[in-house]
Every structure is written in C-alpha cells, then in structure tokens.
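Q: Predicted coordinates and the sequence they were generated for:
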Amino acid sequence: MKILVTGGAGFMGSNFIRYVLNKYPDYKIINLDKLTYAGNLENLRDIENNPNYTFVKGDIAKTEDVDRALGEGADVVINYAAESHVDRSILSPRAFLDTDIFGTYTLLEAVRAGKAKKMIQISTDEVFGMVHNVNEEFTEETKFDPSSPYSASKAGGDLMANAYWRTYKTPVIVTHSCNFYGAYQYPEKLIPLFVTNLLENKKIPVYGEGNQFREWIFTEDHCRAIDAILHKGEAGEVYNIGTRNRKANIEITKFILNYLGKDESYIEHVADRPGHDFGYAVNPDKLIGKLGWKPETNFEDGLAETIEWYKNNESWWKKLKSKEYQEYYEKNYASKK
Ligand code: NAD
Ligand code: DAU
C-alpha cells in the first residue's frame, strides 16, 4: 500500500509513520510537510533512511506540491497536516484557514481527480463545541458548534469533506478524536508544556481554576484507531475516536507535579483562554462496535511513560523552548492574571 501522510513531521503524524513502517514492512509512505514551527524532521530521525519512506517538503494548500508528493498516485491520503494549537489560532487565525480549510480542500480535489483512491481526514472533537459534564457525549451525529478559530477551521475542512462525499462521492472518511498525548508533542500543549517547565524548575500556567476537562488518548492507541479505519473503515463514514478517559486539567497538573516530586507552589493560575470550551467527551461506540478497535493504554501508565520520554529527551525539547517562545507565553498568559 502507498500512503501519502501529510503533516508527518508533526507530533501524531510522525508517530503514525513510525507505527506503519514497523507494522507493515511492505507499505510505502510519502510524508508531505511544510515544516512550520511544529514540523520537525528530528521526530523521524530513526526511520529517515528506511527505503519505504520519502519526505517531500511542501504545502497541502498548493496543488503543485500535492501533485509532486502524489507522483504516480497513492492508495490513500491521510491528512494529519494542520495548524493545531488553539491559543495560536486566537492570536492569529489566518494560517488556520489556509491550512485547515483550504489545504483540506486541495487534498480533496486531488482525490476527486483520482490521484489517490481515498482520503482519511484526521480531525478533532473540538468541532462539536463543548459538553458541560463528563456524562454528556459527542456522537458522530452531534451538530458542529466550534468555539475557536482553530476548531472552526477544522470544522470547515470536515464539512468540505462531507460535501465532497455527498456531491461527488469522493471517497473520504472523517475522524473526530479526543486529545492526544505521548512522545514528540510540541511543548506548547498542556502536558508537554507542564512537564518541560517543571523539568526546568519553572512555574506552570493553569488557565483559570483548571476545572475544565479533556478526554485523553495515547499515541499508540490513536495509531491503532487509524490503522483500523484505514483497513476496515467505509468511505463517507465518520468515526469518533475516544477513550472515555476524562480528566480535569487540575487533576493532570497534580499528577505531573507529584510524579516529578514538585509541590503545588509551582502552579500559577493565569488568565483563562478566551472562549475556552469547558469539556470534551467523545462517544467511541461506533469505532468499537463496527471496527473492533479499543483503547489499550491505562492513562496513568501512558502519562508516566510520556513524562519519562521528556526526561530522557531534553535535547529534543530544549531547542523548541526558544526565547521567542518564552516571550509568547509571558506576553499572552503569564502577565494577564
Ligand atoms: P502538530 O501541530 O504537531 O503537527 C502538524 C504538522 O503539520 C507539522 O508537521 C506542520 O509542519 C504540518 N503542517 C502545517 N501546515 C501545513 C501545510 N500547509 N502543509 C503541509 N504541512 C503542514 O499536530 P498534531 O497535534 O500532531 O495534530 C495532527 C492532526 O490531528 C491535526 O490535524 C489536528 O487537528 C488533529 N488532532 C490533534 C489532536 C491533539 O490533541 N493534538 C487531537 C485531535 C485531532
Ligand atoms: O480535543 C482535541 C484537541 O486537543 C485538538 O484538536 C487540538 O489540536 C489540541 O491542541 C488539543 O486542544 P486543547 O485546547 O484541548 O489542548 P491544550 O493542550 O492547548 O489545552 C488542554 C487544556 O489545558 C485546555 O483546557 C487548556 C488548558 N491549558 C492549556 C495550556 C497550553 C492550560 O490550563 N494551560 C496551558 O498553558
């Protein structure tokens, strides 16, 4: 099988490429990535010389780049490429529209033209808006109600995928996942930011009181979900990917503090994120019932493994936490209590 993975130099894309090359030695992967601040070829150092792997630098929103990456054609396009960080979308939405909407459209056009046989759109539970308690759940039928420029842009891409299926029968599958965690996550998201700050003896910025909750999935479990969808999913279908592992931010914060032997004085309650969604909770019953997937990683074990990875890979994250990056946080959060 020949797979075009977009955004493969990012967090989950790189984890997926490694997973596929290890599990399916005869599959070929082309990685099309623009190498934005979040794209990092170091994430793929261990597999870059694998003869089944090719890297193409390019933009999913440019037809010529997509055509160059697809070459003679592919069996499937898996679209991981996105601007993915909510806070950045609040500060500067434009790149989110370009990549998450226009980029998705450009890939759909390539599939519609027959340059790939199908497409899997990697999307988020954030398109559904928010739930107010851990017992409410988003199903595949829940209406989109996005809150941030990020989630509105992802919703735009997903709606376009749905429209291409209905209008042209372009074979596309959309997935809505809960929050990822694991190795190689850029240290701007909650877990890697807090772990790396604490490893540097710095404070950790909890937005508001930290009662908001998220649902968490370990990298390996998400890779296995996409594997199931790739091999058994049906065109035109939507699959939620969730674990029912729902945790308030403050619970995760305390787990990390405790694991690293730090006390709560490291917590700094900073200004809340504008338009902050209170909770996300995904109903994964369709994926479990129809495709036989289920999550396998216990959250505490996965989180401990993740923290250990950041402890052992300081050289990977230290250079990402540049002066500019620190200033970004100081300016937008730490100073706005
Ligand atoms: P990430 O930010 O770590 O990586 C994104 C990658 O896309 C980077 O390598 C970047 O260089 C690349 N990219 C950005 N714009 C591009 C463009 N125009 N053309 C080509 N490449 C481009 O992202 P992630 O956290 O690994 O998320 C991957 C996907 O999963 C995204 O689509 C995101 O919306 C979705 N998602 C993420 C989460 C999560 O918790 N991180 C949860 C659910 C869904
Ligand atoms: O739900 C899936 C989404 O999860 C993905 O679509 C996004 O790409 C991904 O970034 C993630 O979005 P979140 O906004 O949930 O992730 P983030 O790590 O930014 O924040 C998680 C929670 O932690 C959220 O309630 C905000 C809070 N938070 C975050 C940061 C960065 C803090 O309290 N302090 C922080 O410094």
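A: Arrived safely. Ligands and ions are numbered 1, 2, ... in the order given.

Q: if I pick the residue of the chain found nearest ligand 1, what's in contact with it?
A: Closest to ligand 1 within the chain is residue 10: 2.0 Å, counting by Cβ to the nearest ligand atom. Every residue, glycine included, has its C-beta placed from N, CA and C. Residue 10 is in contact with 33, 38, 39, 40, 43, 80, 81, 84, 186, counting by Cβ atoms under 8 Å, 6 or more residues apart in numbering.

Q: Start from the N-terminal end of the stretch 51-200 of the chain and give the helices.
A: Counting by DSSP state H, counting those that start in this stretch, the stretch 51-200 of the chain has helices at residues 63-70, 86-91, 94-96, 104-112, 149-168, 190-199.

Q: The fifth one: which residues count as buried?
A: By neighbour count, with 16 or more other Cβ atoms under 10 Å as the criterion, the buried positions of helix 149-168 are 149-158, 160-162, 164-165.

Q: And stretch 39-54, by the same measure?
A: Going by neighbour count (16+ other Cβ under 10 Å), the buried part of stretch 39-54 is 39, 40, 43, 44, 47, 50, 52, 53.

Q: Can you give me the end-to-end span of that stretch?
A: End-to-end distance of stretch 39-54: 15 Å, with Cα to Cα, to the nearest Å as the criterion.

Q: That stretch: how far from the chain's middle?
A: 19 Å (Cα atoms, centre = their mean, to the nearest Å).

Q: just stretch 31-39 next, same as before
A: That offset, for stretch 31-39, works out to 13 Å (Cα atoms, centre = their mean).

Q: Going forward, the N-terminal residue is numbered 18.
A: Let's use 18 as the start, then, which means that last one is stretch 48-56.

Q: how about that stretch, does it get close to ligand 2?
A: No - Stretch 48-56 does not reach ligand 2 (Cβ under 6 Å from any ligand atom); its nearest approach is 10.1 Å.

Q: Show me which positions of that stretch end up buried.
A: Within stretch 48-56, the residues that count as buried by 16+ other Cβ under 10 Å are 48, 49, 50, 51, 53, 55, 56.

Q: now stretch 278-288
A: Buried-residue list, stretch 278-288, by 16+ other Cβ under 10 Å: 283, 284, 287.

Q: mind checking the end-to-end distance for that stretch?
A: End-to-end distance for stretch 278-288, by Cα to Cα: 26 Å.
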